[in-house]
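Peer 1: just a sequence and a predicted model for now, questions to come.
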Amino acid sequence: MSENPFALHDIVEMKKPHPCGVNRWKIIRMGADIRIKCQGCGHSVMLPRREFSKKLKKIIEHTDD
């Protein structure tokens, strides 16, 4: 199994922006599903890990845990 480039509390950019106009998301939960929170309006979305990996554009900030 390959290692994921993203980790908990990373700030990521998705391929499509959120309707509020911001394209910065914080990873707030990881497991079989990944929950991300919009940094503009605070709305959170839960995506299956495979779908999240497909929609991920780049990692903006890594957190050092």
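Peer 2: That came through, no problem. Only a predicted model underlies this, so the values are computations on that prediction, with no experimental measurement involved. Numbers count the residues shown, from 1 in each chain.
Peer 1: now the closest residue to K15 other than its chain neighbours: how far from P5?
Peer 2: Leaving aside its chain neighbours, K15 sits nearest to K57 (4.9 Å; criterion: C-beta to C-beta, 6 or more residues apart in numbering). In this view, the C-beta of every residue, glycine as well, is placed from N, C-alpha and C. Look at K57 and P5: by C-beta to C-beta, to the nearest Å, they are 12 Å apart.
Peer 1: ok, I11 touching I59?
Peer 2: Yes - I11 lies in contact with I59 (C-beta atoms under 8 Å); the separation is 7.5 Å.
Peer 1: for M14, list the residues it contacts.
Peer 2: M14 sits next to 23, 25, 36, 55-57 when contact means C-beta atoms under 8 Å, 6 or more residues apart in numbering.
Peer 1: CSV please, covering those residues and showing distance to K15 and neighbour count.
Peer 2: Converted to CSV, the contacts of M14 look like this (distance: C-beta to C-beta, whole Å; neighbours: other C-beta atoms under 10 Å):
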residue, distance to K15, neighbour count
N23, 9, 17
W25, 11, 27
I36, 13, 26
K55, 5, 14
L56, 8, 19
K57, 5, 11
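Peer 1: from these, pick the one nearest V45.
Peer 2: Ranked by distance to V45 (C-beta to C-beta), the contacts of M14 are led by I36 at 5.6 Å.
Peer 1: what sits against that closest one?
Peer 2: With C-beta under 8 Å, 6+ apart, I36 has these contacts: 12, 14, 25-28, 44-47, 52.
Peer 1: so it sits in a strand?
Peer 2: Yes - using DSSP: H, G, I helix; E, B strand; the rest coil, the secondary structure at I36 is a strand.
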